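J.: Below is the structure, and that's it, no one-letter string:
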């Protein structure tokens, strides 16, 4: 089993939004083989709770514009906010929380997915 196209599209929107707000250490993992409730995890770090909140807000806004409505766990001021899109789960964490909870290490057996940001895809299409 591999991640669905829909899960990858949502991940692409989330990556683009996170990059716009200068999210760091963005990692997309295909968890479909290991986890029955989701296909993709997107992990993003922010350097402060304020940046975590800005990243979360941007991801929600861009996803809503693209037709995807998440369920949010955590407040925008928290060091870890989870956005649940069913097949795609986005974890936005303060860098300290990312180190403490070590989701990268916990899911290290899952394949990393190269999900280019939408703007990169759009730029390629415009130059073709």
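T.: Perfect, thanks for sending it. Keep in mind it's a predicted model, so treat the numbers as computed, not measured.
J.: what comes into contact with stretch 26-35?
T.: Here stretch 26-35 makes contact (C-beta atoms under 8 Å, 6 or more residues apart in numbering) with 1-4, 7, 11, 15, 18-19, 38-45, 104, 107, 109-115. In this view, the C-beta of every residue, glycine as well, is placed from N, C-alpha and C.
J.: Can you flag which of those belong to strands?
T.: Among the contacts of stretch 26-35, the residues falling in strands (DSSP state E) are 40-45.
J.: Now residue 111: closest residue in space that isn't a chain neighbour?
T.: Once flanking residues are discounted, residue 111 sits nearest to residue 30: 4.7 Å by C-beta to C-beta, 6 or more residues apart in numbering.
J.: In the protein, where is pLDDT below threshold?
T.: For the chain, the stretches with pLDDT under 70 are 1, 116-128.
J.: Centroid-nearest residue for it?
T.: Centroid check for the chain by C-alpha atoms, centre = their mean gives residue 42 as the closest residue, at 3.2 Å.
J.: Residues in a beta bridge with that one, which ones?
T.: Beta bridges link residue 42 to residue 28, residue 90, judged by DSSP bridges.
J.: I figured it hits residue 13, correct?
T.: No: the criterion here is C-beta atoms under 8 Å, and residue 42 misses it with residue 13 at 9.8 Å.
J.: Please enumerate the shared neighbours of the two.
T.: Among the neighbours of residue 42, none is also in contact with residue 13 (C-beta under 8 Å, 6+ apart).
J.: residues making contact with stretch 11-21?
T.: With contact meaning C-beta under 8 Å, 6+ apart, stretch 11-21 is reached by 3, 26, 28, 40, 42, 44, 46, 51, 54-55, 58-59, 61-63, 66, 68, 83, 88, 90, 92, 113, 115-119, 121.
J.: For residue 93, which non-adjacent residue is spatially closest?
T.: In space, residue 93 is closest to residue 80, 4.6 Å off (C-beta to C-beta, 6+ apart).
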